[in-house]
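J.: turn this into a structure:
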Amino acid sequence: ISMESKVLIKTAKTNLDRLKDNALLIGFFKDKQQLSQELKYLDGKLGSLISSYLKNNKFEAEKGELKNIFTNKDVKNVVLLGLGEEGKYNLDVLSLSVADASKRLRESGIETFSIYFDSFSNSKFKSEEIAEKIALSCLIGLYKFTKFKTKNNNNKSIRQVTILAEKSFEKELNYANVVAEAVSKTRDIVNTPPNIATPEYIANYAKDIAKKNGLKCSVFDEKQIEKLKMGCFIGVAQGSVNKPRFVVLEYHGAGKSKKPVAIVGKGITFDSGGLNLKPYPYILNMKDDKGGATAAINIVEACSKLKLNVNVVAITPLCENMIDAASYRPDDVLTAYNGVTVEIKNTDAEGRLVLADALAYACEMKPEAVIDIATLTGASMIVLGYIGTPFISTDEKLSEKIKNASKKSLEKVWELPLWQEYEDSIKSDVADIKNISEEGDAGVIIGATFLKNFVNDIPWVHIDIGTTVWSKVDKGILTKGATGATVRLMMEMLRDWK
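T.: All right, here's what the predicted structure looks like:
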């Protein structure tokens, strides 16, 4: 796991007069800059440094504004963090502000700091919610990926964050630690280059997780996949020297009689586009095409660590989409695991092919719901950009679960329709269906329309993380590179699964 995920986060009673730390982070609203009784006491001890700073209008408390007062006393730095107007304050503002402040404190060379909890709390939100979000924002925001840097001059890191509060928030901190670790591990593997993170590497990673957590893990190799008659999956995989693996990782937290939730994750460890080769620069970062599979595996581990009352199965088809004399071709017709025949119109629409077989396999387990997570389309960028993730569902109750989890987890999603009219676009002249439409319109929806042929009547959600799997900016909880998309969303949904 990346070094930064080893940040220790804890709570301690709010004794500001006895506090010794490198820094104290205090939140201020723009329209409310007076000091609480405890802060007045601390201010007095510091020779009115805080109050005079506020009086001289050097600090406006604009959202994200950060001012550092060097005291050289027991608390060496008092850091004022602007939260903007109180009326506009929400958990998004909290998360962004705390994560950014944590990063900036790290850059200044500070290794430990404390957070004055009361200054971030607000009557609109439960204190438990605030504590959980503060912890998650620090832990996820401080992520760094340095595994392949041999000359890492910037090895600054935060060792410990202390939330000063009257409650211990044990449950919330435990949840934050487990979920942040799952996000970090997902980012680590997605960031790992494709010459290392091969299908076998990720299959071994899943086996290792199973061993450590007492979970059931089945791994099928290329011969077994062929024997299962997963024609679409094998078709995509056959052009690579790195052979495919099909992983089924199971956690049973709710007893044998309860149907599982199946999470199917697309696991293309590198996507060249195949014979329809991706041009530059679209071929760059195609190591991120395993984002769905990696998230699914880590979600199952997190469920087991939190002992959630739910049965969850991760199903991940892992392979590369490469160019070779043996590669599948446009015009080929492949037969999926459920017998549906697919005409290939573009070898770069391979994600839906590996998912087709995995979804059909998942449905045989008779799950309560099937959720697939996939870096499926570039069209996801056009729909919502880097801010949100489009999803499509065949079941209203499941949609509601996703939307509620989105609000709680702060991972933004938006539902798109699955109208019947789209089905005409993927009708084939020679097979049952084709893998893309000729027009290229409504890319996200066409992808889902194709996948619907493999899920029967089981409640199903398709989540297209084609854009949100990756970040180009260092902002808030985001760090340049992999984001760990859907881990927080799924964990929020599964912790309340009924």
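
J.: strands of the stretch 101-250 of the chain, residue ranges please.
T.: Residue ranges of the strands in the stretch 101-250 of the chain, as given by DSSP state E, counting those that start in this stretch, are 112-116, 160-164, 216-220, 245-252.

J.: which one of the ones you listed lies nearest to Ala431?
T.: Closest to Ala431 of those is strand 245-252 (Cβ to Cβ; 23.2 Å). Every C-beta, even on glycine, is put in place using the N, C-alpha and C of the backbone.

J.: what helices or strands is the closest one leaning on?
T.: If you count contacts as 3 or more Cβ pairs under 8 Å, 6 or more residues apart in numbering; DSSP states H and E, strand 245-252 packs onto helix 199-213, strand 216-220, helix 291-305, strand 311-321.

J.: what angle separates the following helix or strand past that strand from helix 291-305?
T.: Using DSSP states H and E, the helix or strand that follows strand 245-252 in sequence is strand 261-265. Relative orientation of strand 261-265 with respect to helix 291-305: 140 degrees, computed using axes from the mean of the first three to the mean of the last three Cα atoms, to 10 degrees.

J.: now the helices for this protein?
T.: For the chain, the helices defined by DSSP state H occupy 37-45, 49-55, 91-107, 127-141, 170-191, 199-213, 222-227, 231-237, 291-305, 351-364, 379-384, 396-409, 443-451, 487-495.

J.: and those as TSV, adding mean neighbour count, distance to Met322 and mean pLDDT?
T.: Formatted as TSV, these follow (neighbours: other Cβ atoms under 10 Å; distance: least, Cβ to Cβ, whole Å; pLDDT from 0 to 100):
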stretch	mean neighbour count	distance to Met322	mean pLDDT
helix 37-45	16	60	94
helix 49-55	16	60	92
helix 91-107	21	37	97
helix 127-141	24	33	98
helix 170-191	22	19	98
helix 199-213	18	12	98
helix 222-227	15	14	98
helix 231-237	28	9	98
helix 291-305	29	17	98
helix 351-364	26	13	98
helix 379-384	18	23	96
helix 396-409	17	34	98
helix 443-451	25	21	98
helix 487-495	25	28	98
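
J.: got JSON lines for these, with distance to Ala431 too?
T.: Listed next are these as JSON lines, based on distance: least, Cβ to Cβ, whole Å:
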{"stretch": "helix 37-45", "distance to Ala431": "70"}
{"stretch": "helix 49-55", "distance to Ala431": "71"}
{"stretch": "helix 91-107", "distance to Ala431": "46"}
{"stretch": "helix 127-141", "distance to Ala431": "44"}
{"stretch": "helix 170-191", "distance to Ala431": "33"}
{"stretch": "helix 199-213", "distance to Ala431": "27"}
{"stretch": "helix 222-227", "distance to Ala431": "20"}
{"stretch": "helix 231-237", "distance to Ala431": "11"}
{"stretch": "helix 291-305", "distance to Ala431": "26"}
{"stretch": "helix 351-364", "distance to Ala431": "13"}
{"stretch": "helix 379-384", "distance to Ala431": "23"}
{"stretch": "helix 396-409", "distance to Ala431": "30"}
{"stretch": "helix 443-451", "distance to Ala431": "12"}
{"stretch": "helix 487-495", "distance to Ala431": "34"}
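
J.: for the ones you listed, which one sits closest to Leu318?
T.: With Cβ to Cβ as the measure, helix 199-213 is the member of the helices of the chain nearest Leu318 (3.7 Å).

J.: still on that earlier bit, so which of the helices and strands packed on strand 245-252 gets nearest Tyr282?
T.: Proximity to Tyr282 (Cβ to Cβ) singles out strand 311-321 among the helices and strands packed on strand 245-252, at 13.1 Å.

J.: now the closest one and helix 487-495, what's the angle there?
T.: With the same axes, to 10 degrees as the basis, strand 311-321 and helix 487-495 are set at 150 degrees to each other.

J.: CA atoms only for strand 311-321, dumped as PDB, please.
T.: C-alpha atoms of strand 311-321 as PDB (Å, rounded to 0.1, in the frame of the first residue of the first chain):
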ATOM      1  CA  ASN A 311     -23.100 -11.400   0.700                       C
ATOM      2  CA  VAL A 312     -21.000  -9.900  -2.000                       C
ATOM      3  CA  VAL A 313     -19.300 -11.500  -5.000                       C
ATOM      4  CA  ALA A 314     -16.700  -9.800  -7.200                       C
ATOM      5  CA  ILE A 315     -16.400 -11.200 -10.700                       C
ATOM      6  CA  THR A 316     -13.600  -9.900 -12.800                       C
ATOM      7  CA  PRO A 317     -12.600 -10.900 -16.300                       C
ATOM      8  CA  LEU A 318      -8.900  -9.900 -16.600                       C
ATOM      9  CA  CYS A 319      -7.100  -9.700 -20.000                       C
ATOM     10  CA  GLU A 320      -5.200  -7.400 -22.400                       C
ATOM     11  CA  ASN A 321      -6.500  -6.200 -25.700                       C
END
